[in-house]
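Asks: I would like the atomic coordinates for the input below:
(chains A and B)
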Amino acid sequence: MLNTHAKLVENIFEKDIKKAPTRDGFGTGTAEAGKKDANVLVLCADLSESTRAEWFQKEFPDRFIEMGIAEQNMAATAAGLALAGKVPFMASYAAFSPGRNYEQIRTTIALNETNVKVCGMHAGVSVGPDGATHQMLEDMGLMRMLPNMIVLNPGDAEEARKAVVAAAEYEGPVYIRFGRSEVPVFTTADTPFSIGKSLTLWEPEGTPKIAIFGTGSMSYNALAAARALHADGIEVVVIHNPSVKPLDEAALVAAAKLAGRVITVEEHQTAGGFGSAVAELLAKKAPVPIEFIGIQDEFGQSGSPDELIEHYGLAPAHIAEVARRLIA
Amino acid sequence: MALTDKDVALLEDKAEQIRETIVTMLVEAKSGHTAGPLDMADIFAAFYFHILKHDPKNPDWEERDRLILSNGHIVPVRYAAMAHAGYFPIEECMTLRKFGSRLQGHPERLRLPGMETTSGPLGEGLSQGAGMAWALRADKKPNRVYVLMGDGEQDEGNVWEAVMWMGKQKLHNLTAVIDRNNIQIDGMTEDVMPLESLRAKYEAFNWHVIEVDGHNIRAFVDAVEEAKAIYEKPTVIIAHTIAGKGVPEIEGDYRWHGNPPGKGPTDKIPADKQAEVFLKDIRSMKGKLPHEYA
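Replies: Numbers count the residues shown, from 1 in each chain, chains lettered A, B, ... in the order given. As a prediction, the model looks like this:
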């Protein structure tokens, strides 16, 4: 059943649930953080509409910096701004930032421990028709390998807003991942969020047979799968992880020990991403069988977001199928 | 303010002391770069003993000017200049590149106060300086930002992204300096990747360009003063230098880019004599006096 402490939206399983892209949370979050702190800046590389940077620009035109199509300069300039006391959020598509400017992020932001917030938009196959070049599937892996770097992957636009505000208040480098397509807004303003914390979405009746750990908007698909499994008498727990680094270790280890089986779900390569992070944790503290749902060592392609989510095995029906197989 | 002849003589003397420390620390480290640090000694003497507003006892002073060393591999010259200026004891220079040292092979902000930033991977210093300059100007602060780059470094695309953006932003509170010593690791810059006309390139990106003899301290200080008077554009000073300046046997020889004395080419000086010859050359005022007087 739904975890009431999570304060999720009431029509969570209805067709009329509000949908919005998580990138909207970048626009609302930076505008909110900008009101609280006059040092908050937004840098953008010629993508101000699609990244929602223009929502901040409308509120604070003097604190919006257009960098042109130059992601390497954007990263290192952001580091310099941070060293002079600013709190820069730099926005582009994840394929280019951190895809193209990884070394600048590594040296001038991570090693240098500068207070820069790297915001990667259009992550995952749900970018849709733009195709594989623009569907970033390796960003969480790249960023979580960097010492000093926090990695956040919010589940919906409301949580993305909270992630942005939390990143502004946190002193140090942060990576935040955002998606392009509309996904259900399942959390509310009252849903708790903090860096390093997970959120239990679905609780089992009795002992769960499987613990499903999701991140980003895939947690909603995991939740839908849990509901279908419950109808079949299969009890699972679903834990959403907006904080990929650090993970909420205590919660994940406890759930893995209780269930004895784990499924991870992410819109990212299973190698190096969220599933790998979970596996690294559980191999040490609660070794149990794990199934990794995500992109399996291949690139994306053009199509509608729904077609691609279905094709790459990220839809609720596929998650439920993997769960049934795991306990068969 | 204009330099007196006595000021110039004192700065030249500081430059020679810095060169001597560079050679000593490189010999001790048994690794590191020689040519670039030696050719930038005059400019570092000018910065740390005349140009910069700074306080060695308070490296985080809010009112300080910011000096960014983008081509971090020549950091021995910065360490030597900082030690002579009083940031830390000169003896600490002998820990260069050793385990546990604050003097890392490439500069790290979090290890040594006064470094301003972490650098070494080429092409990123100008961007970082640009970010600082933008923030300082937005906050209406008078601090100036100086970014030192290598000439080989100009091969990096990141440099030109920054140059283009700074021309747009008219960041006049930043002055860039290019060490135009004509060498890089694989050879002469014009063979590896031609840079000329470097002046025309920067001018095309809406920069003010000054070219000087990088070993003429008076001319260099004048150029820095001129840059302060330019309000419409950022300024780049192309400082023409002689790689390995101060040691005539290696001057202009690209093979000395990345070797310390004792491990460089042996066709002119045997390896076991390199340290001694280098120090004698430097102590004899750039080879102008016979070694017996050094």
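Asks: what does the stretch 1-150 of chain B have sitting close to chain A?
Replies: B:108-110, B:116-121, B:123-125, B:127-136, B:138-139 (CB under 8 Å from any CB of the partner chain). No exception for glycine: its C-beta is placed from N, CA and C like everyone else's.
Asks: checking the residue of chain A found nearest chain B next. Helix, strand or coil?
Replies: Of all residues in chain A, the one sitting closest to chain B is A:G80 (2.3 Å; CB to the nearest CB). Counting by DSSP: H, G, I helix; E, B strand; the rest coil, the backbone at A:G80 sits in helix.
Asks: give me the neighbour count for it.
Replies: For A:G80, the neighbour count with other CB atoms under 10 Å in any protein chain shown is 35.
Asks: taking the stretch 151-294 of chain B, what residue is nearest to chain A?
Replies: B:E161 (3.5 Å).
Asks: so how far is B:I237 from that residue?
Replies: 21 Å (CB to CB, to the nearest Å).
Asks: report pLDDT for residue 204.
Replies: I'll assume chain A. Note for A:P204: predicted pLDDT of 97.
Asks: I was thinking of chain B, sorry if that wasn't clear
Replies: Here the pLDDT value assigned to B:A204 is 98.
Asks: now the one 3 residues further on
Replies: Note on B:W207: pLDDT of 98.
Asks: secondary structure element holding A:R161?
Replies: Element membership of A:R161 [criterion: DSSP states H and E] is helix A:157-169.
Asks: check the offset of that helix from the chain's centre.
Replies: 11 Å (CA atoms, centre = their mean, to the nearest Å).
Asks: who does it touch, helix- and strand-wise?
Replies: helix A:23-36, strand A:87-93, strand A:117-121, strand A:150-152, strand A:174-177 (3 or more CB pairs under 8 Å, 6 or more residues apart in numbering or on different chains; DSSP states H and E).
Asks: give me that answer again for 10 Å
Replies: Judged by 3 or more CB pairs under 10 Å, 6 or more residues apart in numbering or on different chains; DSSP states H and E, helix A:157-169 is in contact with strand A:19-20, helix A:23-36, strand A:40-44, strand A:87-93, strand A:117-121, strand A:150-152, strand A:174-177.
Asks: distance to B:H33 added to those, as CSV?
Replies: Shown next, in CSV, are the helices and strands packed on helix A:157-169 (distance: least, CB to CB, whole Å):
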stretch, distance to B:H33
strand A:19-20, 53
helix A:23-36, 42
strand A:40-44, 33
strand A:87-93, 32
strand A:117-121, 31
strand A:150-152, 35
strand A:174-177, 33
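Asks: will you turn the ones you listed into a markdown table that also has mean neighbour count and mean pLDDT?
Replies: Below are those laid out as a markdown table (neighbours: other CB atoms under 10 Å in any protein chain shown; pLDDT from 0 to 100):
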| stretch | mean neighbour count | mean pLDDT |
| --- | --- | --- |
| strand A:19-20 | 14 | 98 |
| helix A:23-36 | 22 | 98 |
| strand A:40-44 | 27 | 98 |
| strand A:87-93 | 28 | 98 |
| strand A:117-121 | 30 | 98 |
| strand A:150-152 | 28 | 98 |
| strand A:174-177 | 28 | 98 |
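Asks: can you give me the strands for the stretch 101-250 of chain B?
Replies: Here the stretch 101-250 of chain B has its strands, by DSSP state E, counting those that start in this stretch, at B:145-150, B:174-180, B:183-184, B:187-188, B:208-213, B:235-240.
Asks: possible to save these as JSON lines with mean neighbour count and distance to A:G196?
Replies: Shown next, in JSON lines, are the strands of the stretch 101-250 of chain B (neighbours: other CB atoms under 10 Å in any protein chain shown; distance: least, CB to CB, whole Å):
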{"stretch": "strand B:145-150", "mean neighbour count": "27", "distance to A:G196": "36"}
{"stretch": "strand B:174-180", "mean neighbour count": "26", "distance to A:G196": "38"}
{"stretch": "strand B:183-184", "mean neighbour count": "25", "distance to A:G196": "45"}
{"stretch": "strand B:187-188", "mean neighbour count": "14", "distance to A:G196": "51"}
{"stretch": "strand B:208-213", "mean neighbour count": "18", "distance to A:G196": "49"}
{"stretch": "strand B:235-240", "mean neighbour count": "23", "distance to A:G196": "45"}
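Asks: pLDDT below threshold where in chain B?
Replies: In the predicted model of chain B, residues B:1, B:285-294 satisfy pLDDT under 70.
Asks: the helices in the chain, which residues?
Replies: You didn't pick a chain, so chain A it is. Using DSSP state H, the helices of chain A run over residues A:23-36, A:53-59, A:71-83, A:102-104, A:139-144, A:157-169, A:218-231, A:249-259, A:274-285, A:305-311, A:316-327.
Asks: wrong one, chain B
Replies: Going by DSSP H, chain B shows helices at B:5-29, B:35-39, B:41-46, B:75-85, B:125-138, B:157-169, B:189-192, B:198-204, B:217-228, B:274-283.
Asks: what's the neighbour count on the closest residue to A:R180 other than its chain neighbours?
Replies: Nearest non-adjacent residue to A:R180, counting by CB to CB, 6 or more residues apart in numbering or on different chains: A:H122, 4.5 Å away. If you count neighbours by other CB under 10 Å, A:H122 ends up with 26.
Asks: ok, A:H122 - contacts?
Replies: A:21, A:23, A:47, A:50-51, A:92-96, A:128, A:130, A:134-136, A:177-181 (CB atoms under 10 Å, 6 or more residues apart in numbering or on different chains).
Asks: filter those to the buried ones?
Replies: Neighbour counting over these (16 or more other CB atoms under 10 Å in any protein chain shown) leaves A:21, A:23, A:47, A:50-51, A:92-96, A:128, A:134-136, A:177-181 as the buried ones.
Asks: how close does the residue of the stretch 151-294 of chain B closest to chain A sit to B:K263?
Replies: 36 Å.
Asks: which one of these two has more residues nearby?
Replies: More crowded of B:E161 and B:K263, by other CB under 10 Å: B:E161, with 26 against 16.
Asks: ok and the residue in chain B nearest chain A?
Replies: B:G131 (2.3 Å).
Asks: that residue - how many residues pack around it?
Replies: 34.
Asks: mind listing what the closest residue to it other than its chain neighbours touches?
Replies: Counting by CB to CB, 6+ apart, the nearest residue to B:G131 once its immediate chain neighbours are dropped is A:G80, at 2.3 Å. For A:G80, the contact set (CB under 10 Å, 6+ apart) comprises A:86, A:88, A:108, A:112, A:114, A:116, B:66, B:68, B:116-117, B:124-136, B:145, B:147, B:162, B:174.
Asks: mind showing which ranges of chain A have poor pLDDT?
Replies: For chain A, counting by pLDDT under 70, not a single residue falls below.
Asks: please redo it, this time with the cut-off set to 90
Replies: A:328 (pLDDT under 90).
Asks: domain map for it?
Replies: Per the record, chain A has its domains at A:4-16+A:193-327, A:19-184, by automatic domain parsing.
Asks: spell out which residues of the stretch 151-294 of chain B are next to chain A.
Replies: Neighbours of chain A within the stretch 151-294 of chain B, by CB under 10 Å from any CB of the partner chain: B:156-166, B:168-169, B:174.
Asks: 8 Å - rerun?
Replies: B:157-158, B:161-162, B:164-165, B:168.
Asks: need the contact list for the spatially closest residue to A:S92 that is not a sequence neighbour.
Replies: In space, not counting the residues next to it along the chain, A:S92 is nearest to A:A45; the distance is 4.4 Å by CB to CB, 6+ apart. Residues near A:A45 by CB atoms under 8 Å, 6 or more residues apart in numbering or on different chains: A:67-71, A:74, A:90-92, A:96-97.
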